[in-house]
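>>> pasting the structure only:
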Ligand code: PMV
């Protein structure tokens, strides 16, 4: 199988989950792990999906219907009709499918690349990203597009949703950032949680505007810290972003416990990452030794813990 170029990366949101939905910038980092896809056309119509991705227990089962929908939306966007033509898709790679890592975006971006190669179709990276965005709509109604953009382009990105195509820029990091990330083992529905935030916002616009103002100032400091390679300042900003997520009511006791444990074990900053009310948290660590210590501490509380770096 020639899979090397049919990849989509996993991602972790550093700053701005939920706020990003309302067209303010966020910072997102692709992790050094990816999903790949192989696409084969068959004579007999129908869709066959072979999913060999590593996954946490129950994740793929829970997400199966949404995945089917996302795959079909992506295929439709690329004018592939499985009632007319057989499509066999095989997904693999080293990205563990877990809630919060952008596994769905990685999957549909890899899919778009693989279909483009198999047809063949000459697609720009922006077209791959646009196809991934269509697929993401199968997972939740109004995605900001942050996940598929990170999955397509990799690296650390400043991302902003607009009414049209998103605006994003790749950040130049002075040094790779060492991260530990851990799953709560809980999969919350992004649609539900984004919907709850919207309802709270609509019930009290002043409350949300206050949080948004705090977030925008925080992002400026966080981005400056990232640009300057000041990990201590960056860590402090991650902590503050977690506090804003708590105010948004998207954290939960399990996430808070992991964040506290990471900080106690020497992380220089920690926060939830992604939808929240479950999903993932991330911790920033200054050295390989501290990364190991934080991983060990989190392993006592979390069902799955990973180390990675953002570059
Ligand atoms: O749970 P994730 O990693 O898919 O992140 C969702 C991020 C939100 O800002 C909550 C929603 C979005 O579409 O950006």
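Okay, I see it. Note that the structure is a prediction, hence the values are computed from the model and not measured.
>>> residues in contact with the closest residue to the ligand within the stretch 101-250 of the chain?
Proximity to the ligand, evaluated over the stretch 101-250 of the chain using Cβ to the nearest ligand atom, is greatest for residue 144 at 3.3 Å. Any C-beta I mention is one placed from the backbone N, CA and C, and that applies to glycine too. The contact partners of residue 144, taken as Cβ atoms under 8 Å, 6 or more residues apart in numbering, are 20-21, 26, 159, 161, 166.
>>> contacts with the ligand among these, please.
20-21 (Cβ under 6 Å from any ligand atom).
>>> go through the least confident helix or strand in the chain by mean pLDDT and flag the buried ones.
Ranking every helix and strand in the chain by mean pLDDT, DSSP states H and E puts helix 59-62 at the bottom, with a mean of 76. For helix 59-62, burial by neighbour count (16 or more other Cβ atoms under 10 Å) applies to 59-60.
>>> over to stretch 222-233?
So for stretch 222-233, counting by 16+ other Cβ under 10 Å, buried means 222-223, 225-226, 231, 233.
>>> now swap in stretch 30-45 and tell me
Those would be 30-39, for stretch 30-45 by 16+ other Cβ under 10 Å.
>>> so which of those residues sit within helices?
Judged by DSSP state H, helices contain none of the buried residues of stretch 30-45.
>>> reformat those residues as JSON lines; add pLDDT and distance to residue 212.
Shown next, in JSON lines, are the buried residues of stretch 30-45 (pLDDT from 0 to 100; distance: Cβ to Cβ, whole Å):
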{"residue": "30", "pLDDT": "96", "distance to residue 212": "26"}
{"residue": "31", "pLDDT": "95", "distance to residue 212": "27"}
{"residue": "32", "pLDDT": "91", "distance to residue 212": "32"}
{"residue": "33", "pLDDT": "93", "distance to residue 212": "32"}
{"residue": "34", "pLDDT": "95", "distance to residue 212": "33"}
{"residue": "35", "pLDDT": "97", "distance to residue 212": "33"}
{"residue": "36", "pLDDT": "96", "distance to residue 212": "38"}
{"residue": "37", "pLDDT": "97", "distance to residue 212": "37"}
{"residue": "38", "pLDDT": "96", "distance to residue 212": "43"}
{"residue": "39", "pLDDT": "96", "distance to residue 212": "41"}
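>>> which one of those is nearest to residue 311?
Nearest to residue 311, judged by Cβ to Cβ, of the buried residues of stretch 30-45 is residue 32 at 7.3 Å.
>>> one step back: quick check: the farthest pair among the buried residues of stretch 222-233?
223 and 231 (13.7 Å).
>>> got the residues of this protein near the ligand?
Residues of the chain lying near the ligand (Cβ under 6 Å from any ligand atom): 17-18, 20-21, 100, 102, 143-144, 146-147, 190, 194, 274-275, 279.
>>> which ones are touching residue 123?
112-113, 116, 131.
>>> quick revisit: filter the contacts of residue 144 down to the buried ones, ChimeraX style.
Filtering the contacts of residue 144 down to the buried ones (16+ other Cβ under 10 Å) takes a single ChimeraX command:
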select :20,21,26,159,161,166
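>>> OK, contacts around the most centrally placed residue in the chain?
Closest to where the C-alpha atoms of the chain average out (Cα atoms, centre = their mean) is residue 102, at 3.2 Å. By Cβ under 8 Å, 6+ apart, the contact list for residue 102 reads 9-11, 147, 150-151, 274.
>>> any idea how far it lies from residue 116?
Separation of residue 102 from residue 116 (Cβ to Cβ, to the nearest Å) stands at 20 Å.
>>> by residue count, what's the longest helix in the protein?
Assigned via DSSP H, the chain shows its longest helix as helix 205-228.
>>> which strands or helices does the next helix or strand after that helix pack on?
Next helix or strand after helix 205-228 toward the C-terminus (DSSP states H and E): helix 231-247. Other elements packing on helix 231-247 under the criterion 3 or more Cβ pairs under 8 Å, 6 or more residues apart in numbering; DSSP states H and E are strand 7-15, helix 205-228, helix 253-264, strand 269-273, strand 280-285.
>>> could you redo the last one with a cut-off of 10 Å?
On a contact count with 3 or more Cβ pairs under 10 Å, 6 or more residues apart in numbering; DSSP states H and E, helix 231-247 meets strand 7-15, strand 26-42, strand 177-183, helix 205-228, helix 253-264, strand 269-273, strand 280-285.
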